[in-house]
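Visitor: fold the following.
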Amino acid sequence: MFEATPPAGSAGVHAPKRTLVRDLLAAGEPCDAVLAQGWVRTRRDAKGFSFVEVNDGSSLKGIQVIVKSDLPDYAEQIHRASTGASVEVRGALVPSQGAGQRWEIVAGTFNVIGTADATFPLQKKGHSLEFLREIAHLRARSNLFGAVFRVRSRLAFAIHEFFQRRGFFYVHTPIITASDCEGAGEMFGVSTLDPANPPRDDTGAVDYSRDFFGKKTSLTVSGQLEGETLACALSNIYTFGPTFRAENSNTSRHAAEFWMVEPEAAFLDLDGDMQLAEDFVKHLVRDAREHCADELEFFAKFVDKDLLPRLDFVLERPFQRCSYTDAIGILERAAGTGAKAFESTVAWGDNLQSEHERFLSEEHFKCPVTVFNYPRSLKPFYMKVNAPDALGRETVRAMDLLVPGIGEIIGGSQREERLDVLLDNMARQGLCEADYRWYVDLRRYGTVPHSGFGLGFERMLMFVTGVSNIRDVIPYPRTPKNAEF
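Guide: Below is the predicted model:
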């Protein structure tokens, strides 16, 4: 693990390479020569030496460094080693004499690289989440956000691992698009036209034919439509990238810029899609439990005391499945008997609100639940239409996976592969066939049943960490009236 300095006079004399703090803490044996670099968390001075805790972001815990007063420049360097300063330590890794730590470094040299004065905002005291959002450029150095972003990194890796093992190809879909996947129109425009004086056509409307792309374009809300085209050639694909919604929602679950995981599979029906989604969530939870144990223990202690039992419950229990119609019945009975008071009324044909989703997963089923077959009127044009039910109500093969504490974490569907039905859906929703010519072609040339879903990466992180606000699981949140940093 460590590359120590050879004896004096030997060939190839060189200094030890840097070792991350996490590897120093996991060492199996002492080492005479190590190099650690990081930032000072705390410093405690005693007679003849100082204790300095150094953390480099690789782990929740820092490593204690003992700096003796007989080192050259001891007084000057220790005086400069305040909280937040960056330091370089060369010395010996030895068993620690203190409680709660296995190893410590006895410094042979101790140098401050960059100082941090008393204005450094992350002093050793409690800080509110609201304050830490104001210093997002520094908050990753705190215990909480360092842990959050390490889990974020690990789960991003686990996403690729899950799909690659199942024969899915990772594809890149456009960030700039001329099509609205969801049909809601909540998109950020992309234009090089002068907003104060744009060119106009004969009707007085903005003439986008003179824009950079020759048409009106926006930031993508989803890579699904393009993903479908690739699935209809490669069979199994997934995307993982940023998506954007110009939705004026100031809630703890919504952001204007967020990351989406979107698999798409040819020859897959809704049942297979639901199984893939459920397996995916279990895989991510299992991976976090295995590889982020220290971070999850920290979250369980300081963020959400019920976190670990909830995550284990997800792993141990099969997910429940419930049709939208049955879910409405459950909610109506709960409200009608007075068992639950909802702020929003619910009836067949209504969208489920967050409180309804959380009731189903937290109070009724007490586990993750997949709700499927939603009313046709609620969903976008691309979802496969079911035959009318006994009451003549039309549904589509859509599904939402709901988890305790969050509500919806995955939304997906079987896609409509029948050309005539797809065109009817588009006409119903006022979409221009010419704008989606390339998408419609999939139904003309070798159409196949296919399905997919989207998982909001930040919502998954909220579920795994217990952090309750989406602004705190993404390094630089973009929300209404907020685009700092």
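Visitor: in the protein, where is pLDDT below threshold?
Guide: Along the chain, the model assigns pLDDT under 70 to residues 1-15, 182-185.
Visitor: helix/strand/coil for residue 144?
Guide: Residue 144 carries the three-state label helix when classified by DSSP: H, G, I helix; E, B strand; the rest coil.
Visitor: which residues touch it?
Guide: Residues in contact with residue 144, defined by Cβ atoms under 8 Å, 6 or more residues apart in numbering, are 132, 298, 302, 303, 472. Backbone N, C-alpha and C define where each C-beta goes, glycine included.
Visitor: quick one: it from residue 298, how far?
Guide: Distance of residue 144 to residue 298, given as Cβ to Cβ, to the nearest Å: 8 Å.
Visitor: same question, residue 208
Guide: 50 Å.
Visitor: ok, residue 76 next?
Guide: 35 Å.
Visitor: ok, these two, which is more surrounded?
Guide: residue 298 (19 against 10; other Cβ atoms under 10 Å).
Visitor: for the more buried one, list the residues it contacts.
Guide: Contacts of residue 298 by Cβ under 8 Å, 6+ apart are 60, 143, 144, 147.
Visitor: which one (most neighbours) among these?
Guide: Most surrounded of these: other Cβ under 10 Å gives residue 147, at 24 neighbours.
Visitor: returning to that earlier point: ok, of the contacts of residue 144, which one's closest to residue 217?
Guide: residue 472 (31.7 Å; Cβ to Cβ).
Visitor: which strands or helices does the host helix or strand of residue 93 pack on?
Guide: Element membership for residue 93, per DSSP states H and E: strand 86-95. Applying 3 or more Cβ pairs under 8 Å, 6 or more residues apart in numbering; DSSP states H and E, one finds that strand 86-95 makes contact with strand 31-46, strand 49-55, strand 103-114.
Visitor: which of the residues in the helix or strand that comes right after the shortest one are buried?
Guide: Proceeding N to C from strand 49-55, the next assigned helix or strand is strand 63-68, under DSSP H and E. Counting neighbours by 16 or more other Cβ atoms under 10 Å, one finds that the buried residues in strand 63-68 are 63, 64, 65, 66, 67.
Visitor: where do the helices of the chain begin and end?
Guide: With DSSP state H, the ranges of helices along the chain come out as 21-25, 74-80, 129-134, 143-165, 224-234, 270-291, 293-302, 307-316, 324-336, 354-358, 419-428, 437-444, 457-465.
Visitor: okay, the angle between the fifth one and helix 437-444?
Guide: By that I understand helix 224-234. With axes from the mean of the first three to the mean of the last three Cα atoms, to 10 degrees defining the directions, helix 224-234 sits at 40 degrees from helix 437-444.
Visitor: C-alpha coordinates for helix 224-234, CSV please?
Guide: Only the C-alpha atoms of helix 224-234 are listed here, as CSV (Å, rounded to 0.1, in the frame of the first residue of the first chain):
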residue,chain,number,x,y,z
GLN,A,224,-36.2,8.9,-23.5
LEU,A,225,-37.4,9.5,-27.1
GLU,A,226,-33.9,9.4,-28.5
GLY,A,227,-33.2,6.4,-26.2
GLU,A,228,-36.1,4.6,-27.8
THR,A,229,-34.5,4.9,-31.2
LEU,A,230,-31.3,3.4,-30.0
ALA,A,231,-33.1,0.6,-28.1
CYS,A,232,-34.8,-0.3,-31.4
ALA,A,233,-31.4,-1.0,-32.8
LEU,A,234,-29.2,-2.1,-29.8
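Visitor: what helices or strands is that helix leaning on?
Guide: strand 236-244, strand 257-266, helix 437-444, strand 450-456.
Visitor: at 6 Å what do you get?
Guide: strand 236-244, strand 257-266 (3 or more Cβ pairs under 6 Å, 6 or more residues apart in numbering; DSSP states H and E).
Visitor: tilt between the longest one and helix 224-234?
Guide: What separates the directions of strand 257-266 and helix 224-234 is an angle of 30 degrees, with the same axes, to 10 degrees.
Visitor: for strand 257-266, which strands pair with it and how are they oriented?
Guide: strand 236-244 (antiparallel), strand 450-456 (antiparallel) (DSSP bridges).
Visitor: of these, which is nearest residue 466?
Guide: strand 450-456 (16.4 Å).
Visitor: could you dump that closest one to CSV, C-alpha only?
Guide: C-alpha atoms of strand 450-456 as CSV (Å, rounded to 0.1, in the frame of the first residue of the first chain):
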residue,chain,number,x,y,z
HIS,A,450,-40.5,-1.8,-25.7
SER,A,451,-40.4,-0.3,-22.3
GLY,A,452,-38.3,1.9,-20.0
PHE,A,453,-38.3,4.2,-17.0
GLY,A,454,-36.6,7.2,-15.5
LEU,A,455,-35.1,7.4,-12.1
GLY,A,456,-34.3,10.7,-10.5
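Visitor: need the distance between the two termini of stretch 383-399.
Guide: 10 Å (Cα to Cα, to the nearest Å).
Visitor: thinking again about what came up before, which of the buried residues of strand 63-68 sits closest to residue 290?
Guide: Closest to residue 290, out of all of these and judged by Cβ to Cβ, is residue 63, at 23.7 Å.
Visitor: check contacts around the closest one.
Guide: Residues near residue 63 by Cβ atoms under 6 Å, 6 or more residues apart in numbering: 21, 24, 54.
Visitor: hmm, back to that, pull the most distant pair out of the contacts of residue 298.
Guide: Most distant of these, by Cβ to Cβ, are 60 and 144, 9.9 Å apart.
Visitor: what sits closest to residue 272 if chain neighbours are left out?
Guide: Nearest non-adjacent residue to residue 272, counting by Cβ to Cβ, 6 or more residues apart in numbering: residue 451, 6.6 Å away.
Visitor: run through the bridge partners of the one you found.
Guide: residue 265, residue 414.
Visitor: tally of neighbours for it?
Guide: Residues near residue 451, counting by other Cβ under 10 Å: 29.
Visitor: that one contacts residue 414, correct?
Guide: Yes: with contact defined as Cβ atoms under 6 Å, residue 451 and residue 414 form a contacting pair (4.4 Å).
Visitor: can you tell me which of the contacts of residue 144 has the most neighbours?
Guide: Going by other Cβ under 10 Å, residue 472 tops these with 22 neighbours.
Visitor: ok, for residue 248, nearest residue in space, not its chain neighbours?
Guide: residue 480 (5.2 Å).
Visitor: over to residue 485?
Guide: residue 476 (4.8 Å).
Visitor: and for the residue nearest to residue 248, the neighbour number?
Guide: 13.
Visitor: one more: residue 344?
Guide: That count, for residue 344 with other Cβ under 10 Å as the rule, works out to 11.
Visitor: got it, and residue 271?
Guide: 14.
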